[in-house]
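Asker: give the three-dimensional model of this entry:
(chains A and B)
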Amino acid sequence: MSIMKLRDLSFGYGNNPILKDIHIDLIEGKFTSLIGPNGSGKSTLIKLICGINEKNKGNIIYKDKCVDQMSTAEKAREITVIHQKEKNEFPFSCIDTVIMGLHPHRNRFEPINDEQLVFVKDIMQKTDTLQFANKLTTQISGGELQRVIIARALVQRPKLLLMDEAMSDMDVNAKIHLNNVIMDLVKNDNLTVLAINHDLNFAYKFSDEIIAINYGEIDSIGAPEKVMDEEFFERVFKVKADIIKGKGFFIIDKL
Amino acid sequence: MNQIKEYKKNKRKSIITGIVLFITGVVLMVFFTGQGAMDIDFVSTQRILTGKMLNLIEIISIYKDNEIAVVWDIRLPRIICGTFVGGGLAMAGAMFQSLLRNPLADPYTLGVSTGAAFGASLALLLNIMFALYLPVTIFAFVFAFITLLLVIFVASRGGGIYSTNLIISGIIIGSVLSAGISFIKMTAGENVAAIVFWLMGSLASKTWVDVYIIVPVVIIGGLIAYYFADDLNIMTAGESNAKTLGVNTRRIRLIYLITGSVITAACVSVSGIIGFVGLVIPHLLRYWLTSDNRMLIPLCMTLGGIILLLADNVTRLMFVSEVPVGVLTTLIGGPFFIYVFITREGSN
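Answerer: Model (predicted):
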């Protein structure tokens, strides 16, 4: 079952095409990683899906519905995105930030009730952010802030979660922890994830499916162990890699 | 559960502070009506106020006409204007800071105030030159609104009404209008004093007409701002994050641009340019209590109102020749802001 279909999706600035005729079926209840070198069009693809960039051509269909025809609020109840950089100049507390995730699900004048607070607390516990819930977002580290933003996205209860290097500033322990939290949601709650990941070992270990993009076109789609072989690293990333079957790989040198 | 309890405690603290500030504000307003050059004792003041408010002629009939006039037509309008201008400026400041995602923004950043000042200067000049009686306040308000439309127009042509574009467009139009004001001042020649004094910002000789302008605008504007405060919170996380969280960013931005600007326009029209209230009060409350705009906007109304009310009555009661309150707020507000800025939590 595919939750989202991308059909003939193209985007570019003027005569400079960034994405060319992208055709993807995103499988429901799977963790899909989007990988590729810098400037290959990964972030652009995510931005097209969530409507920050206007596509030039093609269709984005979410559950038989054209994404263009969904309202911002309707979309926010189904799809959420964690962007690369989250910056807030104002000293909001972490818990206030996480509670913002409830926004698409509540009426304006309805106060936040205890049931919602328990849910928020539960997510913050899972994401290991409850300990600094009442600290200000301006006082915590970059990695901690990323955890808060992931907690906010999970509070939003999306069916489709898009992540654009959402864990780039986290330490390795936090990364594994958060990846496991998200994997649990994928397995138990049928969450679908499309994540851009520059940490290829993580993509390899945690993905059900890999989509590799190169020069704005899809290079390969498939299970990590099928897609990511030595020849793939040479072709797409121009590096030599040593594959340790079933575990990951060492990147050894440039070509 | 501790963290949730603490969260609730923090919210309660904000609400209680708001209530305390509100009561303080009302008490101060009543108190200051009894203070002034003419010696009218406290009980008499209260009787005049209640009598006038409830239209009970028998209560006030024992007082002299000039006593009633001083309390009801001179002190009270000034006190109400001071409170609502202060509250309005602080709320508008909070709105513009969040909207433009810039802690240094204030109600004057977009040049709306310069537009109001230009309109007022123009009306004053025409009144002097042609012995007319053009309404300065109305002129200021209309020019402030025209300025806002211009700023939005220029920003949208220059790539969209986003934070940076709005600020740049505001600076450009503000500079042109400043030059215009200088030109008007020069043209006014010897009569420049009236314009200079207006620009310095003062609440002296406010009438009920000013009250009828400022009070409805601040109350309605404040309610609109409060209604959408949840969305404003999310807007501070940036355009794309706000969209992700289901905020119709274009709509919210226009709502707050117009609401904040109309409040600013009304404040400046009534009292001239009073500095620092709009910048300092929201900051102070953010560091003291919360950034949550659902709390921050009502808190700004109460604290902003109290601060300007105090500042104005200090200038009214303590100085022999009255210092314009705009000068006083900036003189005291500036160093105080430096203190808050340096000692705030989380400063590096």
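Asker: what pLDDT does residue B:183 get?
Answerer: If you check residue B:183, the pLDDT there is 94.
Asker: which residues of the stretch 1-150 of chain B lie near chain A?
Answerer: B:1, B:3, B:4, B:6, B:7, B:10, B:97, B:98, B:101, B:102, B:103 (Cβ under 8 Å from any Cβ of the partner chain). In short, each C-beta sits where N, CA and C put it, glycine included.
Asker: residue A:5 belongs to a strand, doesn't it?
Answerer: Yes. Judged by DSSP: H, G, I helix; E, B strand; the rest coil, residue A:5 forms part of a strand.
Asker: my read is that it contacts residue A:24, right?
Answerer: Yes. The pair residue A:5 / residue A:24 is scored as a contact, 7.4 Å apart, by Cβ atoms under 8 Å.
Asker: mind putting the residues of the stretch 1-150 of chain B next to chain A in TSV, neighbour count included?
Answerer: TSV is the format used below for the residues of the stretch 1-150 of chain B next to chain A (neighbours: other Cβ atoms under 10 Å in any protein chain shown):
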residue	neighbour count
B:1	8
B:3	20
B:4	18
B:6	14
B:7	21
B:10	18
B:97	28
B:98	28
B:101	19
B:102	17
B:103	16
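Asker: can you pick out the residue with more neighbours from residue A:5 and residue A:24?
Answerer: residue A:24 (21 against 16; other Cβ atoms under 10 Å in any protein chain shown).
Asker: is that one in contact with residue A:209, as I believe?
Answerer: No. Counting by Cβ under 8 Å, residue A:24 stays clear of residue A:209, with 10.1 Å between them.
Asker: the closest residue to chain A within the stretch 1-150 of chain B: what's it in contact with?
Answerer: Nearest residue of the stretch 1-150 of chain B to chain A: residue B:3, at 4.0 Å (Cβ to the nearest Cβ). Under the criterion of Cβ atoms under 8 Å, 6 or more residues apart in numbering or on different chains, the contact list for residue B:3 reads A:95, A:121, A:124, A:130, A:131, A:133, A:134.
Asker: so how many other residues sit close to residue 230?
Answerer: You didn't pick a chain, so chain A it is. Residues lying near residue A:230 (other Cβ under 10 Å) number 13.
Asker: sorry, should have said chain B
Answerer: For residue B:230, using other Cβ under 10 Å, the count is 22.
Asker: longest helix anywhere in the chain?
Answerer: As the question left the chain open, I've gone with chain A. Secondary structure of chain A per DSSP state H: the longest helix is helix A:172-189.
Asker: oops, wrong one, chain B.
Answerer: Max-length helix for chain B by DSSP H is helix B:2-33.
Asker: next, the buried residues of that helix.
Answerer: B:3-4, B:7, B:10-11, B:14, B:17-18, B:21-22, B:25, B:28-29, B:32-33 (16 or more other Cβ atoms under 10 Å in any protein chain shown).
Asker: again, but for stretch A:132-150
Answerer: Applying 16+ other Cβ under 10 Å to stretch A:132-150 flags A:132-138, A:140, A:143-150 as buried.
Asker: just the closest of those to chain B, please.
Answerer: Once Cβ to the nearest Cβ is applied, the member of those that ends up nearest chain B is residue A:133, at 4.0 Å.
Asker: identify the residues contacting that closest one.
Answerer: Taking Cβ under 8 Å, 6+ apart, one finds A:93, A:94, A:95, A:98, A:124, B:3, B:4, B:6, B:7 in contact with residue A:133.
Asker: kindly report the same for residue B:138.
Answerer: residue B:269.
Asker: give me the element it is part of.
Answerer: helix B:136-157 (DSSP states H and E).
Asker: one more: residue B:122?
Answerer: Using DSSP H and E, residue B:122 sits in helix B:112-130.
Asker: in that helix, which residues are buried?
Answerer: Along helix B:112-130, these residues count as buried under the neighbour rule (16+ other Cβ under 10 Å): B:112-128.
Asker: please apply the same query to stretch B:214-224.
Answerer: For stretch B:214-224, by 16+ other Cβ under 10 Å, it's B:214, B:215, B:217, B:218, B:221, B:222, B:224.
Asker: buried sites along the helix or strand harbouring residue B:342?
Answerer: Element membership for residue B:342 (DSSP H and E) is helix B:325-343. By neighbour count on 16+ other Cβ under 10 Å, the buried set for helix B:325-343 is B:325, B:326, B:328, B:329, B:330, B:333, B:337.
Asker: and for stretch A:4-18?
Answerer: A:4, A:5, A:6, A:9, A:10, A:11, A:12, A:17, A:18.
Asker: mind listing what residue B:108 touches?
Answerer: With Cβ under 8 Å, 6+ apart, residue B:108 has these contacts: B:114, B:264, B:273, B:275, B:278.
Asker: so which of these are in helices?
Answerer: Among those, the members falling in helices (DSSP H) are B:114, B:264, B:278.
Asker: in three-state terms, label the residue in chain B that chain A sits nearest to for me.
Answerer: Using Cβ to the nearest Cβ, the closest approach of chain B to chain A is made by residue B:246 at 2.8 Å. What three-state DSSP gives for residue B:246 is coil.
Asker: which residues touch it?
Answerer: A:72, A:73, A:75, A:76, A:77, A:103, A:104.
Asker: so which of the residues you listed comes closest to residue B:209?
Answerer: residue A:103 (41.6 Å; Cβ to Cβ).
Asker: ok, back up a step: and for residue A:24 and residue A:209, which residues touch both?
Answerer: residue A:221.
Asker: shaky segments in the stretch 201-348 of chain B?
Answerer: Along the stretch 201-348 of chain B, segments meeting pLDDT under 70 span B:344-348.
Asker: how about the strands of it, start to end?
Answerer: Counting by DSSP state E, counting those that start in this stretch, no segments of the stretch 201-348 of chain B form strands.
Asker: secondary structure element for the residue nearest to the spatial centre of chain B?
Answerer: Among the residues of chain B, the one closest to the centroid is residue B:89, at 2.3 Å (Cα atoms, centre = their mean). Using DSSP H and E, residue B:89 maps to helix B:76-100.
Asker: now whichever residue of chain A sits closest to chain B, nearest residue through space, not along the chain?
Answerer: Residue nearest to chain B within chain A: residue A:76 (2.8 Å; Cβ to the nearest Cβ). Sequence neighbours aside, residue B:246 is the residue nearest to residue A:76 in space, at 2.8 Å (criterion: Cβ to Cβ, 6 or more residues apart in numbering or on different chains).
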